[in-house]
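missing the sequence, but the structure's below:
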């Protein structure tokens, strides 16, 4: 019984770690509308494609909507080219 519990916890831990590895950060900041206020840092929660989506989200939360300054002023971060890692050739034994 104890072995099964340990195996289940190990599988759960591996699943959680795999979930963290697949998270894509900062991609949501390129949308044109931001929810401002409510404890968000500047420029806010910029995850809205339309003003109406933002308004629906902030309704009743003492927040407002505004344009994402990174998108509005053409300063959205450009994807950086990925450089390949150099690897050493494996020496035969």
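Alright, I've got the coordinates. Predicted, not measured: the structure shown is a model, and the values here were computed from it. Numbering: from 1, shown residues only.

What ranges in the chain fall below the confidence cut-off?
For the chain, applying pLDDT under 70 flags the ranges 8, 10-29, 75-83.

go again using 50 as the cut-off
24 (pLDDT under 50).

Now do the helices in it.
2-21, 51-58, 69-72 (DSSP state H).

Run through who's touching the second one.
Which is helix 51-58. Contact partners of helix 51-58, identified using CB atoms under 8 Å, 6 or more residues apart in numbering, comprise 33, 34, 35, 37, 38, 45, 48, 64, 65. C-beta coordinates here come from the backbone N, C-alpha and C atoms, glycine included.

Buried ones among those?
Neighbour counting by 16 or more other CB atoms under 10 Å classes 33, 34, 35, 45, 48, 65 among these as buried.

Reformat those as JSON lines; add distance to residue 54.
Formatted as JSON lines, the buried ones among the contacts of helix 51-58 follow (distance: CB to CB, whole Å):
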{"residue": "33", "distance to residue 54": "4"}
{"residue": "34", "distance to residue 54": "7"}
{"residue": "35", "distance to residue 54": "6"}
{"residue": "45", "distance to residue 54": "9"}
{"residue": "48", "distance to residue 54": "4"}
{"residue": "65", "distance to residue 54": "4"}
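
out of the residues you listed, who's nearest residue 90?
Nearest to residue 90 among the buried ones among the contacts of helix 51-58, counting by CB to CB, is residue 45 at 47.7 Å.

how close does that closest one get to residue 36?
8 Å (CB to CB, to the nearest Å).

Now flag whichever of the buried ones among the contacts of helix 51-58 is closest to residue 87.
residue 45 (40.3 Å).

Who does that closest one form a beta bridge with?
residue 35 (DSSP bridges).

Next up, the contacts around it.
Taking CB under 8 Å, 6+ apart, one finds 34, 35, 57 in contact with residue 45.

I'd like to know how far it sits from residue 70.
In terms of CB to CB, residue 45 sits 13 Å off from residue 70.

Next: residue 93.
Taking CB to CB, one finds residue 93 at 53 Å from residue 70.

same check, this time on residue 63
19 Å.
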